[in-house]
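1. I'd like to go over a predicted model; first the sequence, then the structure.
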Amino acid sequence: MYRVNLVKIITLLLLTVTISVNAQHEASKSAQVEKSHSEEGGDFKAEIHKDIRHHVKDAYEFVFFSNSKTGTHYGFSLPVILIDNGLHVFMASKFNQGESLVHIGGAYYKLYHSKIYKTDASGEIHYNEKHFVSNEKPLDLSITKGVVSIFIVGVLLFLIFTSLAKSYVKNGAIPKGIGRFFEPIVLYVRDEIAIPNIGEEHYKKYMSYLLTIFFFIWFSNLLGLTPFGINITGNIAVTFVLALFTFVITQFSGNKNYWKHIFWMPGVPTPMKIILAPIELLGVFIKPFALMIRLYANMSAGHIVIYSLLGLMFIFHSIIGSSFSFILAFLISILELLVAILQAYIFTILSALYFGFAVEEHAEEH
Amino acid sequence: MEQLLNDFSFGLFFWQSLLFILLLILLGKFAWKPILKAVDDREQGIKDALAEAENARKEMQNLTADNERILKEARAERDILLKEAKVMKENIISDAKEQAKEQANKVIEQAKATIESEKQAAITELKNQVAELSVGIAEKVVRAELSDKDKQLKLVEDMLKEVTIS
């Protein structure tokens, strides 16, 4: 009971904080809107494009919305943690949205296109021949928007599923409340994903991992559909970690048979075996790589499509066009709800499949 | 590809790895294990209960079958007993009849023998009495006859005649 109250209080607090922040800027904002309407022109599209690109990337602050005319952003900035000749911790608001350099520990840092670079005192950014920034990057362990989001997902997962676990103890093997909804999904992961792909005897040790990635990806995807502009699984670093775990677990649980099928495929002529070995070995790396790219690309694409459609609403500037665009965005959002669980399902079932390959026992030659 | 590499953020990678390992450990210990265990226990419980019910049903069936068998046996036994009793009754009756017959025969035989002997005795007595009576009559007759000479003669004569005839 105590915990429930605590959660309620925290939620309420968070809400009031954001509302009060918004209220402060409300007055200045409405004044600016009038002015901005007249100046709207061709660079509006570019701005939307920039917004979309900005949104799918990670950021050093939580911006709920911003007014580009006044340059005010409504949200809160997050701590930056840099390891570069010692540990430097400061708030991202010091960057002033990339306008100012941060001088700390004898070095200058500049926020440029959602990344922190080390620069000289004038804050110059150098490019290499491929138009990538060639400035040195400090080791950046900042609590970015993405990091906050994954921690929110982690806490959510922990609260929901420990409460489900506890409800079994309290109610005698019958789940209660939110657990009624999640228990069938847990069972689905076990009965339809783990057991058919890994097999009755080995599946148990992979259950923790499969359930964790399934719910982590699903919750992250769902959180990405909220209007807070969070994009967790559309981050290559996040999907890389998930794929890396699947890769490592697969290789470590590989039995003799698994390796034999990679390096010396049984049942084919010797020259074929020699040809197959490098292909199979490549496959070992391609499989998790595909997992990583699939999730990243799907979620990024979904976000870009929805954002673009929302942007179209403002570009059309007519009732018909804008409402059409809105309906489209609405429908795509519903589709994204499906994609959210579908991608979680695909990631989990493919991981299970790879684990299944790794532990499979071949009684017969083929 | 290069864009992707450029976008790759080590910080996020670091925090995600840390969080994910933490989540795996914490959820594994405090959520998945107890949940899966509870579910497994429940499923095992259901399975056991079903098996038990099935067993009970089978036992019940066996019991009914047993009961029927016992009833049948009891009936058969009763029938046998009844049959035996009937046979015994018949035997007893027939035995009794025979004995009675024998007894009766014996009695009759004895009676017959007694009658015979009585008859013999009666006959003997009758013979004796007749003899005595005859002798007495004969004495009296002889005395009367012998009182007169003619008559004596005549008797002798008659007797003689009789003797010759016989």
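-> Perfect, I can see it now.

2. Contact residues of chain B facing chain A?
-> Residues of chain B that fall close to chain A, judged by CB under 8 Å from any CB of the partner chain: B:2, B:4, B:6-17, B:19-20, B:22-24, B:26-28, B:30-36, B:38-39, B:41-42, B:45. Just so you know, the C-beta spots here come from the backbone N, C-alpha and C atoms, and that holds for glycine as well.

3. Sort out for me which of the residues you listed are in strands.
-> Under the assignment DSSP state E, these contribute nothing to strands.

4. In ChimeraX, how would I select the buried members of those residues?
-> Buried subset of these, written as a ChimeraX selection, criterion 16 or more other CB atoms under 10 Å in any protein chain shown:
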select /B:7,9,11,12,13,14,15,16,17,19,20,23,24,26,27,28,31,32,34,35,36,38,39
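
5. In helices, which of the residues of chain B next to chain A appear?
-> B:2, B:4, B:6-7, B:10-17, B:19-20, B:22-24, B:26-27, B:33-36, B:38-39, B:41-42, B:45 (DSSP state H).

6. And the helices in chain A?
-> A:2-39, A:43-56, A:145-171, A:179-188, A:195-198, A:207-224, A:236-253, A:256-263, A:270-316, A:319-359.

7. could you say what helices and strands the third one packs with?
-> In other words, helix A:145-171. Secondary-structure packing of helix A:145-171 (3 or more CB pairs under 8 Å, 6 or more residues apart in numbering or on different chains; DSSP states H and E): strand A:61-67, helix A:179-188, helix A:207-224, helix A:236-253, helix B:10-27, helix B:33-146.

8. Packing partners of the first one?
-> Using 3+ CB pairs under 8 Å, 6+ apart as the contact definition, the elements that strand A:61-67 packs against are helix A:2-39, strand A:72-77, helix A:145-171.

9. report the angle between the axes of it and strand A:72-77?
-> Per axes from the mean of the first three to the mean of the last three CA atoms, to 10 degrees, the angle that strand A:61-67 makes with strand A:72-77 is 170 degrees.

10. what is the mean pLDDT for strand A:61-67?
-> The average pLDDT within strand A:61-67 is 72.

11. Quick check: neighbours of that strand in the sheet, parallel or antiparallel?
-> strand A:72-77 (antiparallel) (DSSP bridges).

12. Alpha carbons of the strand it pairs with, as PDB, please.
-> Taking C-alpha atoms only, strand A:72-77 is exported to PDB below (Å, rounded to 0.1, in the frame of the first residue of the first chain):
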ATOM      1  CA  THR A  72      12.900  28.600 -25.900                       C
ATOM      2  CA  HIS A  73      12.600  24.900 -25.200                       C
ATOM      3  CA  TYR A  74      10.100  23.500 -22.800                       C
ATOM      4  CA  GLY A  75      11.600  20.600 -20.900                       C
ATOM      5  CA  PHE A  76      14.600  20.000 -18.700                       C
ATOM      6  CA  SER A  77      18.200  19.400 -19.300                       C
END
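
13. sorry, back to before: most neighbours per residue, which of the helices of chain A?
-> The highest mean neighbour count among the helices of chain A, using mean count of other CB atoms under 10 Å in any protein chain shown, belongs to helix A:207-224: a mean of 24.

14. by how many degrees do that helix and helix A:43-56 diverge?
-> Using the same axes, to 10 degrees: helix A:207-224 against helix A:43-56 is 160 degrees.

15. still on that earlier bit, redo the helices and strands packed on helix A:145-171 as CSV? Include distance to residue A:355.
-> Putting the helices and strands packed on helix A:145-171 into CSV (distance: least, CB to CB, whole Å) gives the following:
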stretch, distance to residue A:355
strand A:61-67, 37
helix A:179-188, 17
helix A:207-224, 8
helix A:236-253, 6
helix B:10-27, 14
helix B:33-146, 17
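
16. which one of those lies closest to residue B:157?
-> helix B:33-146 (11.9 Å; CB to CB).

17. Can you list the buried residues in the helix or strand just after that closest one?
-> As assigned by DSSP states H and E, the chain's next helix or strand after helix B:33-146 is helix B:149-165. Buried residues in helix B:149-165, counting neighbours by 16+ other CB under 10 Å, are absent.

18. still on that earlier bit, which of the helices and strands packed on strand A:61-67 has the lowest mean pLDDT?
-> Among those, helix A:2-39 scores lowest, with a mean of 45.

19. Contact partners for residue A:152?
-> residue A:223 (CB atoms under 8 Å, 6 or more residues apart in numbering or on different chains).

20. What separation do you get for it and chain B?
-> Distance of residue A:152 to chain B, computed by CB to the nearest CB, to the nearest Å: 10 Å.

21. One more: residue A:227?
-> 22 Å.

22. Now that residue. Nearest residue, chain neighbours left out?
-> residue A:64 (7.9 Å; CB to CB, 6 or more residues apart in numbering or on different chains).

23. Go ahead and confirm that neighbour touches residue A:145.
-> No - using CB atoms under 8 Å, residue A:64 makes no contact with residue A:145, being 11.1 Å away.

24. Identify the contacts common to these two.
-> The contact sets of residue A:64 and residue A:145 overlap at residue A:229 (CB under 8 Å, 6+ apart).

25. Check what pLDDT residue A:186 gets.
-> 91.

26. ok, it to residue A:117 distance?
-> According to CB to CB, to the nearest Å, residue A:186 stands 45 Å off from residue A:117.

27. Need the nearest residue in space to residue A:145, chain neighbours excluded.
-> Using CB to CB, 6+ apart, the nearest residue to residue A:145 is residue A:59, at 4.6 Å.

28. residue contacts, that neighbour?
-> Per CB under 8 Å, 6+ apart, neighbours of residue A:59: A:114, A:144, A:145.

29. which one of those residues sits closest to chain B?
-> Nearest to chain B among these is residue A:144, at 6.4 Å by CB to the nearest CB.

30. Provide a list of residues in contact with the closest one.
-> Residue A:144 sits next to A:58, A:59, A:60, A:78, B:9, B:11, B:12 when contact means CB under 8 Å, 6+ apart.

31. try residue A:306
-> Contacts of residue A:306 (CB under 8 Å, 6+ apart): A:329, A:332, A:333, A:336.

32. Pick the one among these closest to residue B:54.
-> residue A:336 (48.4 Å).

33. Distance to residue B:56 added to the contacts of residue A:59, as CSV?
-> Below are the contacts of residue A:59 laid out as CSV (distance: CB to CB, whole Å):
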residue, distance to residue B:56
A:114, 69
A:144, 63
A:145, 61
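
34. Give me the nearest residue to residue A:255, chain neighbours excluded.
-> Nearest to residue A:255 is residue A:359, by CB to CB, 6+ apart, at 6.1 Å.

35. one step back: so which of the helices of chain A gets nearest residue A:109?
-> Among those, the nearest to residue A:109 by CB to CB is helix A:145-171 (18.1 Å).
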